[in-house]
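In: Got a predicted model here, sequence first, then my questions.
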Amino acid sequence: MVEDVQRALDNLRFDRMVKAFCIISPDTIVYQSTLDPDTEAMVTQTVSLYQGQISQLTVNTEAGLVVISKIAENWLLAVLFPPNLSLGIAVVKTKATLLALRELDLNILKTMPAKPVEPIPTPTPTPTPPPHPSEPEVETTPETRPPTTPPPSVEIIPPPVSTETPPVEEAMPPPMEPPPVGAVEPPPPPPAPAEGRIDLTFVPQGGDALLAALDKGSPVGGTLFEKFGPYARDVLFLVDGKRDVKTIAFLLGLPEYAIVEVLEFAISNNILAEPAAA
């Protein structure tokens, strides 16, 4: 169903690093496109040149980096990323959507219009208001000038005098004196790790619920998405039993503590295997 396709595209729609995307049919018809017209025309022209021989292709454009990947039977997924994003991260971020789309029959998209065309309303001319008649200028002569003194019935009240004292500027603290030469302050001790936290050399292993966690429609996948957002799936896709926490953080460009939080949640929910006892 079309709703299943929309659900699979949520991985890209809610990813802050994804600028736009589209699905291209084997006959080069564009569906579900959020690309701008120039980038979309460039993508379709590139796909038509390769004539169904694309497995994965990256194209650098003025709008950014476009990753074109094969879904199945010459159906293609094109995703536009910022130009400064590394190719490895861009490829990883398309995997979740590709896996979800490969389980669907994309021919359902042919039952809906490829590009919904909205009627362009004809502009209605705005009537030009008639010019306002210019008011006649009144020449002021010494005889017609208004009196400079108020009439006797008007009482002039002087403005109240403010009795508030102006704010006094707070005195700036004196500058700190530099430490004497030769005196080196010891660095503060690092914070003690919380009980049960994994260190940066920990190598995560897949668990029983790993495949279910990659599906946003599953209970554990929905909880993972609500708690951490789209990047949690990127972390799980890099779990291969060889990469440690520090390597995963480097590949995704994320802080190491964020990777640790996702892995600890995944271990406690049987998404990843328990760490081996020391």
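Out: Right, received. Where do you want to start?

In: all contacts plus neighbour counts: C-alpha atoms, from now on.
Out: Will do.

In: For the chain, just list every one of the helices.
Out: Listed in chain order, the helices of the chain (DSSP state H) span 2-13, 37-50, 87-102, 210-213, 219-228, 231-237, 245-252, 256-268.

In: can you put the ones you listed in JSON lines and add mean pLDDT?
Out: Output for the helices of the chain, formatted as JSON lines (pLDDT from 0 to 100):
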{"stretch": "helix 2-13", "mean pLDDT": "86"}
{"stretch": "helix 37-50", "mean pLDDT": "90"}
{"stretch": "helix 87-102", "mean pLDDT": "86"}
{"stretch": "helix 210-213", "mean pLDDT": "82"}
{"stretch": "helix 219-228", "mean pLDDT": "84"}
{"stretch": "helix 231-237", "mean pLDDT": "83"}
{"stretch": "helix 245-252", "mean pLDDT": "86"}
{"stretch": "helix 256-268", "mean pLDDT": "89"}
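
In: can you tell which of those is closest to Ile108?
Out: Among those, the nearest to Ile108 by CA to CA is helix 2-13 (6.6 Å).

In: Can you list the buried residues in the closest one?
Out: Buried residues in helix 2-13, counting neighbours by 16 or more other CA atoms under 10 Å, are found at Asp4, Val5, Arg7, Ala8, Leu9, Asn11, Leu12, Arg13.

In: Then stretch 33-47?
Out: So for stretch 33-47, counting by 16+ other CA under 10 Å, buried means Ser33, Leu35, Thr39, Glu40, Val43, Val47.

In: hang on, the earlier thing: so which of the buried residues of helix 2-13 comes closest to Ile248?
Out: Using CA to CA, the buried residues of helix 2-13 come closest to Ile248 at Asn11, 19.3 Å.

In: Let me know whether the closest one touches Ala96 as I believe.
Out: Yes. Taking contacts as CA atoms under 8 Å, Asn11 lies within contact range of Ala96: 7.0 Å.

In: about what we covered before: looking at the helices of the chain, which is buried most?
Out: A comparison of the helices of the chain by mean neighbour count, using mean count of other CA atoms under 10 Å, puts helix 231-237 on top with a mean of 22.

In: low pLDDT regions in the stretch 1-150 of the chain?
Out: For the stretch 1-150 of the chain, applying pLDDT under 70 flags the ranges 113-150.

In: Could I get the helices of the chain in TSV, plus columns for distance to Ala20?
Out: Shown next, in TSV, are these (distance: least, CA to CA, whole Å):
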stretch	distance to Ala20
helix 2-13	8
helix 37-50	10
helix 87-102	12
helix 210-213	24
helix 219-228	20
helix 231-237	17
helix 245-252	19
helix 256-268	25
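
In: right, so of those, which gets closest to Ile24?
Out: Between Ile24 and the helices of the chain, the tightest spacing by CA to CA is seen for helix 37-50, at 7.9 Å.

In: Alpha carbons only: can I get that closest one in CSV?
Out: The C-alpha coordinates for helix 37-50 follow below in CSV (Å, rounded to 0.1, in the frame of the first residue of the first chain):
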residue,chain,number,x,y,z
PRO,A,37,13.1,21.0,-10.4
ASP,A,38,16.7,21.5,-11.5
THR,A,39,18.1,18.7,-9.3
GLU,A,40,15.2,16.4,-10.3
ALA,A,41,15.9,17.0,-14.0
MET,A,42,19.6,16.3,-13.5
VAL,A,43,18.8,13.0,-11.7
THR,A,44,16.4,11.7,-14.3
GLN,A,45,18.9,12.6,-17.1
THR,A,46,21.7,10.8,-15.3
VAL,A,47,19.5,7.7,-14.8
SER,A,48,18.4,7.6,-18.4
LEU,A,49,22.1,7.7,-19.6
TYR,A,50,22.9,4.4,-17.6
